[in-house]
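Engineer: Sequence first, predicted coordinates after that:
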Amino acid sequence: MRKKLLLISTICLVLILLGQGVLVQAKESKKFKTSIALRIVDNNTITENPLGLEGGEFTLYKYQENEEDYKKEAVIYSDINGNVLFTITKAGTYKIKQTKAPKNYIVDEKPYELKFTVKSNKVFNNRLLDLSKQTPNSYMQKLYNLSYDVNQVYVSNKRKKATIVIREDSKSEEESFYTLYKKIGNDGFIGVLKAFITGKTYERVDLSEGQLIINENGEIVIRDLDWGIYYLAYDDNIESAYEFEFNNKNGINIVLNSKEGVLSQDESESLKENK
């Protein structure tokens, strides 16, 4: 009987400390978790079949009211498909910002930034907000109190442009003798050098002043070149044309050696480091 009374007394313990009541707040019975997902893609493919980019760096910050500033919480890198997933386990105000671009891409002058508020309740628990699938007026955006560019469904990065150096095995000529052509689709021949019997279609590239030069070593240097397949022709002569492809797999500065009309990449140490 005494043991039962002791047990009842323990359960019915009145919390009084030095004459003051103690307020006990109920804890959440389940662990809270919500997720934010986004996708980073190649800017050139965003309107067609978006190409996901691997290795983009995104940082999660949490607002600290006592410091009136954001503090870094986590750093996540995009996977092979360009997907990024952040898991939130505490209520609060957050922001996600792109802090580094994938290799051979550049972060926008105004980097992607998303601010949102998460409340620890049943509405948010076990929710996934996938920003690559949301529309500006969607329920989830309103729910999370999102603040970001509503027209930017994907995070997109632009490609780094190239500097191509061609070391010729013959005498160098003036810049004006060279014409650059870029491969386009299979339809249309506007601005195309028709003498190219390659099964490909090319259009002339309008180079800006100083974009193609002959340097002091007699090398052909072409700056700010977009990715693609090119023909560089001397005096529009097919017999003197070089075809080369640039897709930035080997870095942003490419050196090509010309021998008997064939181009080969220079295996310099600087290029090896960029592979």
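Structural biologist: Arrived safely, thanks for sending. Numbering: from 1, shown residues only.
Engineer: Gly210 and Lys161, how far apart?
Structural biologist: Distance, Gly210 to Lys161, using CB to CB, to the nearest Å: 14 Å. Any C-beta I mention is one placed from the backbone N, CA and C, and that applies to glycine too.
Engineer: Give me the more crowded residue out of those two.
Structural biologist: Legend: neighbour count by other CB atoms under 10 Å for Gly210 and Lys161, higher for Lys161 (14 against 10).
Engineer: I figured that one was touching Ile222, is that so?
Structural biologist: No: if you go by CB atoms under 8 Å, Lys161 and Ile222 don't touch, sitting 10.2 Å apart.
Engineer: need the helices for the stretch 51-200 of the chain, in chain order.
Structural biologist: 139-144 (DSSP state H, counting those that start in this stretch).
Engineer: So the protein: which segments form each domain?
Structural biologist: Annotated domains of the chain cover 34-158, 160-273 [automatic domain parsing].
Engineer: Least reliable of those domains by average pLDDT, please.
Structural biologist: The minimum mean pLDDT among the domains of the chain belongs to domain 160-273 (a mean of 69).
Engineer: Tyr242 bridge partners, please.
Structural biologist: Leu232 (DSSP bridges).
Engineer: what's the spacing between it and Leu232?
Structural biologist: Taking CB to CB, one finds Tyr242 at 5 Å from Leu232.
Engineer: before we move on, what about Glu67?
Structural biologist: Distance of Glu67 to Leu232, given as CB to CB: 57 Å.
Engineer: next one: Val153
Structural biologist: In terms of CB to CB, Val153 sits 38 Å off from Leu232.
Engineer: ok, these two, which is more surrounded?
Structural biologist: Each of Val153 and Leu232 has its neighbours counted (other CB under 10 Å); Leu232 has more, 22 against 18.
Engineer: Report how far apart the opening and closing residues of stretch 218-227 are.
Structural biologist: Distance between the two ends of stretch 218-227: 24 Å, counting by CA to CA, to the nearest Å.
Engineer: Next, the buried residues of that stretch.
Structural biologist: Glu219, Ile220, Val221, Ile222, Arg223, Leu225, Trp227 (16 or more other CB atoms under 10 Å).
Engineer: Equivalent analysis for stretch 57-72, please.
Structural biologist: So, applying 16+ other CB under 10 Å, buried residues of stretch 57-72: Glu57, Phe58, Thr59, Leu60, Tyr61, Lys62, Tyr70.
Engineer: and the residues you listed, which two are the farthest apart?
Structural biologist: Glu57 and Lys62 (17.6 Å; CB to CB).
Engineer: With Phe246 as the reference, measure out to the residue nearest to Asn83 when sequence neighbours are not counted.
Structural biologist: Spatial nearest neighbour of Asn83, excluding adjacent residues (CB to CB, 6 or more residues apart in numbering): Arg39 at 5.5 Å. As for Arg39, its distance to Phe246 is 26 Å (criterion: CB to CB).
Engineer: picking up where we left off before, identify the contacts common to Tyr242 and Leu232.
Structural biologist: Ile166 (CB atoms under 8 Å, 6 or more residues apart in numbering).
Engineer: Good, wrapping up.
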